[in-house]
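> my questions concern the predicted model and sequence given below.
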Amino acid sequence: MDSMTEQTAERPGDGARFFDSRQKYLLFVTTCNEKRVIARRVAAELDRLRPAPPALRIFDAGVGNGAVLTRVLRACHARHPHVPLYAVGKEISIEDVRLALDRMPDRFHEHPATVLVLTNMPYADAPWLSPRSAEAAERLVWHELALSGSCAHTFDEEITALEPLLTEHWRTRTSPKTGNPLPERPAVLVIYRRDHAFLLDSILPRREAPRADFDLVIASQPYRLRVPAETKAARVLAPLSRALRPGGRLLAIHARGGDPGQEIVERVWPGENPFVHDRHVMLQATREALGAEADAFGFEAGTDQEALFRYAMHSLPSETAGPLGTSTLFAAWNAAVYVAQIDEARASAAVADGRYAEATRAVLRERGGLWFNDEAFAIARRG
């Protein structure tokens, strides 16, 4: 899950939620290899795509720090080095937009025929880069950057110069209804190489001509686990499915539990289980949310062997076999409560009274490390 990707409905008034802590997010993504493992799983979908001119079109429904999208773009280049790429990423966190942009100069150098778009719009609007409400459309900020350099260093300088624009237009406010972050105004940032503008002319998005038609939609941890399945399907998976072109595929990934991370959480809070909706439930809910449109899609749950995969916390064997250092212990605890989406108040209380240390130490000893299970499923628009 990304630190501030659009949240589905959640109870307000519970104090700071788990995703409000920037520190927890950054610690998780730097101590666990989830991003790399997910990118590898997404890249496997590329072999099932049949892109059509003028470009291979990808939508990332939660860019986060850009680690997944960057790796997927590398994989696209390896398979299709001469096919233009159109990649749209949704992200409302200005901190994550900065991190994602920091990774992109090398992509423009290796694959010059790339159009990168970032937007802060909600799921129902983001694939089309077009707000549904007239009021939001009038307030839309649309900025294009045609990179004039010819090397990654120059691209980096040009992209870094966008900082004032991001500071002004990528602001968020708190929803009075849910307490979730919302963009103050819709924004679109389009980046491409000026020396490839002629080739990319038919690929560049047009403000006056909304279009989605994606070959691949990446929906990695796009919703809160405890939110009703019907809400997650209606607000996230159904709109993203509609953004697919014929033959296009949506790959959804969410935490599944049944791992040492969940064991840590259950030892502190017996009976705690946030992993309430598996892929079968989510696919059925999405089918119902699509209504009559569902016949245009295929819903692929796959077998457990195909759907389930794991990622781990980085640690040396000596770190879990010998005396556990404070940093390892706290990194493991942080990862466990982050994946289980435990609110800040409860997590802080468990740290304050020491329960976290006993539970985390015991599980790491028994399991010899820490890992987590994710689950993937696909929705394909019939071609």
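Perfect, thanks for sending it.

> quick one: neighbours of the closest residue to Arg279 other than its chain neighbours, just the number.
Computed as C-beta to C-beta, 6 or more residues apart in numbering, the closest residue to Arg279 that is not its neighbour in sequence is Phe377, at 3.9 Å. (Each C-beta comes from the backbone N, C-alpha and C, glycine too.) By the criterion of other C-beta atoms under 10 Å, Phe377 has 23 neighbours.

> for Phe377, what are its contacts?
Neighbour list for Phe377: Leu251, Ala252, Arg279, Met282, Leu283, Phe299, Glu300, Ala301, Gly302, Ala307 [criterion: C-beta atoms under 8 Å, 6 or more residues apart in numbering].

> was I right to think the third one contacts Leu308?
No: when contacts are counted by C-beta atoms under 8 Å, Arg279 is not listed as touching Leu308 (9.2 Å).

> of these two, who's got more company?
The neighbour count for Arg279 versus Leu308, taken as other C-beta under 10 Å, is higher for Arg279 (22 against 16).

> ok, then the element right after the one helix or strand in the chain whose mean pLDDT sits lowest?
For the chain, scoring each helix and strand by mean pLDDT, DSSP states H and E identifies helix 317-321 as the least confident one, at a mean of 55. Remark: after helix 317-321, the chain's next helix or strand is helix 326-339, criterion DSSP states H and E.

> quick one: the next helix or strand after that next one to helix 326-339, angle?
Remark: after helix 326-339, the chain's next helix or strand is helix 344-352, criterion DSSP H and E. Inter-element angle recorded for helix 344-352 and helix 326-339: 150 degrees (by axes from the mean of the first three to the mean of the last three C-alpha atoms, to 10 degrees).

> neighbouring contacts of the following helix or strand past helix 344-352?
Using DSSP H and E, the helix or strand that follows helix 344-352 in sequence is helix 355-367. Residues from elsewhere that reach helix 355-367 (C-beta under 8 Å, 6+ apart): 260, 263-264, 267-268, 320, 324, 328-329, 332-333, 336, 347, 350, 370.

> any idea which of those residues is least confident?
Minimum pLDDT across the contacts of helix 355-367 is recorded for Thr320, with 54.

> still on that earlier bit, which neighbours do Arg279 and Leu308 share?
What both Arg279 and Leu308 touch, as defined by C-beta under 8 Å, 6+ apart, is the set Glu375, Ala376.

> report how many residues lie close to Asp156.
19.

> and it, helix, strand or coil?
helix (DSSP: H, G, I helix; E, B strand; the rest coil).

> before we move on, what about Pro222?
Quick answer, by three-state DSSP: Pro222 is coil.

> can you check the one 3 residues further on too?
Look at Leu225: counting by three-state DSSP, its state is coil.
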